[in-house]
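> model this:
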Amino acid sequence: MAEKDKGFKFRRLFFRDAGTGTQVKQIQKEEPVSPSIQQASAGITDQSLVEDFVQRLQNLINNNNQPGFDFLEFTESLFEEKQNPDAEIYKTVFRIAQKIDKALTPSRLIDSAMFYKDLVQGAADTEINKGISKKQELQAEKDTERNNLDNGLKATRTKIQQLTRQIQELQSQEMTMNNQLLAINQKYESKFTDIEKKIQAIRDAKEQVVVSIVDIEAGIKSNLS
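Numbering: from 1, shown residues only. Take a look at the predicted model:
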């Protein structure tokens, strides 16, 4: 069987859930899911990304296909017989496989399966760790940007408070000055009144004295000339 044909047929191991959903359930039962992965799975899954990475994992497996008849060839043979192989199909395929490789045992198949599973697990963990690192970097970038904005906001609020106090102080000064302007008339009115009284008194005194002088002056002119 050609290598590309193996990969094409082996694809059904990963995508057969599209018809029955059985394989996905089996894989989920095999490996416990961590809380962080469960939280991520709770969101909306981009199926195109899932299929893309499944294809990458499939290529990884094909590129690391072990020599001889192993788990990979056994699995392809199962799916060639039936989409959802039962116990009888497993036994039939295994008997045929033993004719191809007489040293083949269930233990060897299981060991081979473990090899591919570890290969997939390692590749996935590497990519997941890259994603986690990128997420942490992005979170740090977000936190830095947020902290800078928070600090800027706090500084702006402090400035607003300072300006508000200054405005209140200026408003208080304005009110005081307005009151002082209103009080100026009262403050100087009495002074103006006092001056006017004095001016008028001087005028009256002058008039009286001048009149007296004029009277005497007239008497002199009329009685002594």
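> hmm, residue 57 and residue 124 touching each other?
Yes: using Cβ atoms under 8 Å, residue 124 is in contact with residue 57, at 7.1 Å. Every C-beta, even on glycine, is put in place using the N, C-alpha and C of the backbone.
> and these two? Which one has more around it.
residue 57 (18 against 14; other Cβ atoms under 10 Å).
> and the more buried one, what's its pLDDT?
At residue 57, the model reports a pLDDT of 91.
> tell me the mean pLDDT over stretch 85-105?
Throughout stretch 85-105, pLDDT has a mean value of 90.
> pLDDT weak spots in this protein?
Counting by pLDDT under 70, the chain shows low-confidence ranges at 1-44, 225.
> and the helices in it?
Per DSSP state H, the chain carries helices over the ranges 3-10, 12-15, 22-30, 35-41, 47-63, 71-81, 87-100, 106-224.
> quick one: the residue nearest the centre of the chain from residue 130, how far?
The centroid of the chain falls nearest to residue 142 when counting by Cα atoms, centre = their mean (5.8 Å). With distances taken as Cβ to Cβ, to the nearest Å, residue 142 is found 18 Å from residue 130.
> sorry, back to before: which of the helices of the chain sits most buried?
Scoring these by mean neighbour count under mean count of other Cβ atoms under 10 Å gives helix 71-81 as the most buried, with a mean of 19.
> angle of that helix against helix 87-100?
130 degrees (axes from the mean of the first three to the mean of the last three Cα atoms, to 10 degrees).
> next one: the residue nearest to the centre of the chain from residue 160, what distance?
Taken as Cβ to Cβ, the span from residue 142 to residue 160 is 26 Å.
> I'm done for today, thanks for sticking with me.
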